[in-house]
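In: here is a sequence together with a model predicted from it:
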Amino acid sequence: MTRARQTLLMLGAVLVTLALGVGLTAFTVRLENRAAVLRFERLADLVSSRIEQRMIQHVALLRGTRSYFDAQDQPVSVQEFRRYVAGLELQSDYRGIQGIGFAALLPAERQAPALERISANHGWTAVARPGGDQPLIGPIVMLEPLDARNRQAIGYDMFAEPVRREAMIAALESGEAQATGPVELVQEITAEKQAGFLIYIPTRGGLFGMHEGRDGGWVYAPYRAGDLHHAVLAELPDLPLSLRTVDRQSPGQPLFDNIPEDAPARLLSRAAMREIAIAGRNWQMTMVPAPGFLGLEDRSASLMVGALSLLLLIAVTGATRNFMRALREAELRAAQSAREADERTLLLREMQHRIKNHLARIQAIARQTMRSAPDLQEFGRVFGARLSAMAKAQDAVNRAEQGSADLAELLRAEVGGVVAAAQAKGMLNGPPVRLNGREAQALGLVAYELSTNAMKYGENSDDLTIRIDWTVEPRAGADWLVLRWSEPDASPAPGHEDQNGNGGFGSQLIHALIEGDLNGAFARAFGPDGMVVTIAFPLALAGHSGSDGASASGSSGP
């Protein structure tokens with residue numbers, strides 16, 4: 001073989017090897033870019049879903065606050081609202097929210113007396129502003145926590161400002177949560193100002209008993225958009241991206257924007273956009289990779305292939321191994337993201353299911369009460385009392401830690417509705433027992449029904465003699481609460497119900513609660529010593545006192 005031919009063959013081999021190396025390297029670069037795109041898309045999904053879930057939680061919090069206002073017999077006072085909001089622990093559990101407030105809906109001619117009433121309840125003079133020509137006003141009555149920023153908002157007429165007024169009217173018309181477009185909050189009292197927005201939910205709550213009826217208003221939450229975004233992004237530290245959020249209906253003023261003005265075009269071209277719905281508004285989020293998002297560590301495969309182009313077999317083997325590993329990691333991350341999304345969806349559905357169950361129970365109580373009530377006044381009294389029993393049980397859970405309620409406290413609250421507080425305390429005897437929310441709701445309604453029946457059918461309703469004893473017994477590997485409700489003076493009402501308690505809606509409700517909701521047993525018996533009701537069901541919470549005869553705090557023996 002001639003030297004020229006050897007040179008030609010060597011050059012051909014070099015060129016072929018170089019071409020293969022360049023081709024493999026270029027192919028590797030494209031795969032890395034694609035992997036980077038997928039990784040950034042997942043990151044964009046994570047950021048947008050975190051913000052969306054945070055706002056869903058906040059809207060649910062406002063709905064709960066509306067229920068708190070609507071459930072009260074009298075308008076909520078400043079002190080009651082302060083205690084309620086303090087119990088929510090906004091700064092730890094709902095970071096990003098500026099506070100929760102109440103704004104009243106009033107005719108404009110009642111602005112002066114309304115402002116006097118607001119000032120008197122706060123103990124300092126609130127200033128009416130900004131003034132307008134609307135026939136209605138929406139002054140801020142309460143806003144907690146009442147820090148230096150929120151104090152500035154008391155008395156401010158939100159109905160006078162067009163952007164706020166549009167959202168307030170939309171909330172009244174739909175009955176649902178409605179967010180505003182970007183606004184400057186009244187709370188912006190420093191030089192460092194942020195774009196803000198508010199979310200309103202209508203309520204029938206009134207202004208400190210100013211009127212016999214309830215004019216209504218809004219439960220609302222103000223937000224500094226920058227603080228909200230920082231609170232969410234703080235949960236995802238060292239994010240390799242910058243973010244701009246705009247309201248699609250008002251795109252002129254961004255809600256949040258930390259994208260550098262001098263961001264390179266190559267990064268802007270990789271931007272990912274997401275759109276989320278926030279209380280009737282659409283937010284568009286634009287996320288741009290940070291300059292270090294695609295670093296040298298992300299180019300390791302292509303550098304390796306380029307360096308090993310002369311050793312094609314080793315280079316291909318190493319590149320393939322790296323490709324497969326990178327693809328497996330991408331698939332694992334994608335599967336993990338899908339699982340997290342499924343878990344979030346499951347939690348949201350569980351919350352919706354529980355809300356539907358509560359609404360279904362209230363609807364059932366309303367229908368059955370309507371059937372048995374002779375007139376509207378009696379329906380209102382009975383239905384309101386039963387809802388109050390549910391509310392007392394929920395209050396007992398809310399006042400305690402970890403979402404549980406004390407059995408003795410719950411029974412004292414329910415029985416105290418028909419007897420004096422001291423007398424109710426003396427009727428109870430049993431060890432300390434903690435109930436979860438479902439058990440407290442059910443047992444609270446049962447105690448209310450039994451107390452009401454004792455007043456209605458007892459032989460001496462002016463001096464009720466009720467005895468409530470309970471123990472905790474092990475049954476089939478679980479702790480069961482066994483509660484005995486004794487009424488020595490009680491006798492069966494002729495033609496009202498049978499020996500087992502079947503008949504009226506109250507008895508049907510008790511059976512449904514104990515046997516259906518709690519998987520327990522309910523029995524009622526009449527004898528020489530009066531009526532004895534026995535209730536037994538398995539306890540969900542661990543750590544109860546056993547059947548050692550220890551009395552609950554505040555209860556007494558016979």
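Out: That came in fine, so what should we check first?

In: and Q194, how far from I276?
Out: Spatial separation of Q194 from I276 under the definition Cβ to Cβ, to the nearest Å is 20 Å. Where C-beta positions appear, they are placed from N, C-alpha and C, glycine not excepted.

In: neighbour count winner among these two?
Out: Q194 (20 against 17; other Cβ atoms under 10 Å).

In: would you confirm that that one contacts Y223?
Out: No: counting by Cβ atoms under 8 Å, no contact exists between Q194 and Y223, whose distance comes to 9.2 Å.

In: contacts for the helix or strand containing S242 next, please.
Out: Following DSSP states H and E, one finds S242 within strand 241-247. By Cβ atoms under 8 Å, 6 or more residues apart in numbering, the list of residues contacting strand 241-247 from outside reads 40, 43-44, 47, 51, 181-182, 197, 225, 229, 233, 253-260, 263, 281-290, 293.

In: buried ones among the residues you listed?
Out: Those of those that meet the buried threshold are 40, 43-44, 47, 51, 181-182, 197, 225, 229, 233, 254-257, 259, 281, 283-289, 293, by 16 or more other Cβ atoms under 10 Å.

In: let me know the pLDDT of I259.
Out: At I259, the predicted lDDT confidence score is 93.

In: so who does it touch?
Out: I259 makes contact with S242, L243, R244, T286, V288, according to Cβ under 8 Å, 6+ apart.

In: could you work out the most separated pair of those residues?
Out: In the contacts of I259, two members sit farther apart than any others by Cβ to Cβ. They are S242 and T286, at 9.1 Å.

In: would you agree S404 is in contact with V433?
Out: No: in this structure, S404 is not within contact of V433 by Cβ under 8 Å, at 9.8 Å.

In: quick one, which of those two is more surrounded?
Out: V433 (24 against 18).

In: from P254, how far off is the more buried one?
Out: 54 Å.

In: again, but for V183
Out: Remark: distance between V183 and P254 (Cβ to Cβ) = 13 Å.

In: mutual contacts of those two, please.
Out: When contacts are counted by Cβ under 8 Å, 6+ apart, V183 and P254 have A195 as shared neighbours.

In: next step: the contacts of strand 241-247 restricted to helices.
Out: Restricting the contacts of strand 241-247 to those inside helices, with DSSP state H as the criterion, leaves F40, L43, A44, V47, I51, A225, H229, L233.

In: and those, which two are furthest apart?
Out: Within the ones in helices among the contacts of strand 241-247, F40 and A225 form the most distant pair, 23.4 Å apart (Cβ to Cβ).

In: which strands and helices lie in contact with the helix or strand where V482 lies?
Out: Following DSSP H and E, one finds V482 within strand 478-487. If contacts are counted by 3 or more Cβ pairs under 8 Å, 6 or more residues apart in numbering; DSSP states H and E, strand 478-487 sits against helix 437-457, strand 467-475, strand 530-538.

In: low-confidence ranges in the stretch 1-150 of the chain?
Out: The model of the stretch 1-150 of the chain has pLDDT under 70 over residues 1-15, 18.

In: repeat the analysis, applying 80 as the threshold.
Out: 1-25, 27-29, 31-33, 36 (pLDDT under 80).

In: what of the stretch 451-558 of the chain?
Out: Scanning the stretch 451-558 of the chain for pLDDT under 80 picks out 452, 454-465, 489-509, 529, 541-558.
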